[in-house]
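Asks: 3D model of this:
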Amino acid sequence: MPLKRDTSDIDPFALNLTPMIDVVFLLVIFFMSATQFAAVERAVELELPTVGADGTSAAAVVEPCIVAVSAAGVITLDGQSRSIEELKTDLARVKERATTGSAPAVLIHGDAHCDFQHIAAALTACRAAGIADVGVSVETDDTIRR
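Replies: Presented below is the predicted three-dimensional model:
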């Protein structure tokens with residue numbers, strides 16, 4: 001015998017809110033976890049390069065000046081030996097020749113066995129020349145554990 005359902009008490013325009021509440025909870029969880037990742041990424045200050053419409057970089061890539069510090073404390077700029085005072089004046093000249101708005105980048109290669117004082121002197125020379133974009137190169141060692 002077929003059963004008849006009484007559909008007179010069901011409102012045809014009533015919305016079932018259960019799926020919508022599930023979606024809202026999922027969105028809340030997503031945004032909570034996304035803000036945690038964003039907080040970690042905000043700790044590292046980066047200025048990412050912009051890409052033009054053709055897929056090429058809008059900013060010209062600047063080749064860094066290489067300052068090498070040997071184990072004996074000899075400082076060279078792009079392969080030529082320099083004293084600290086000569087390094088300051090040469091870096092100041094490099095900064096003057098740089099195009100407007102783009103400061104020259106300096107990369108310091110310090111020998112692992114040299115005194116840190118020599119590397120600090122090279123960093124001070126960069127600061128005295130007005131160069132703020134300075135990096136220190138290192139090699140990564142996968143055997144070191146945190």
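Asks: for this protein, what are the low-confidence residue spans?
Replies: Residue ranges of the chain with pLDDT under 70: 1-10, 37-62, 99-104, 138-146.
Asks: where do the strands sit along it?
Replies: Secondary structure of the chain (DSSP state E): strands located at 65-69, 75-77, 80-82, 106-110, 134-137.
Asks: Throw these into CSV and include mean neighbour count, thanks.
Replies: To be clear about C-beta, it is placed using only N, CA and C from the backbone, and glycine gets the same treatment. Formatted as CSV, the strands of the chain follow (neighbours: other C-beta atoms under 10 Å):
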stretch, mean neighbour count
strand 65-69, 20
strand 75-77, 19
strand 80-82, 13
strand 106-110, 20
strand 134-137, 14
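Asks: so which of these gets nearest Phe30?
Replies: Proximity to Phe30 (C-beta to C-beta) singles out strand 134-137 among those, at 36.1 Å.
Asks: which secondary structure elements does that closest one contact?
Replies: On a contact count with 3 or more C-beta pairs under 8 Å, 6 or more residues apart in numbering; DSSP states H and E, strand 134-137 meets strand 106-110, helix 116-129.
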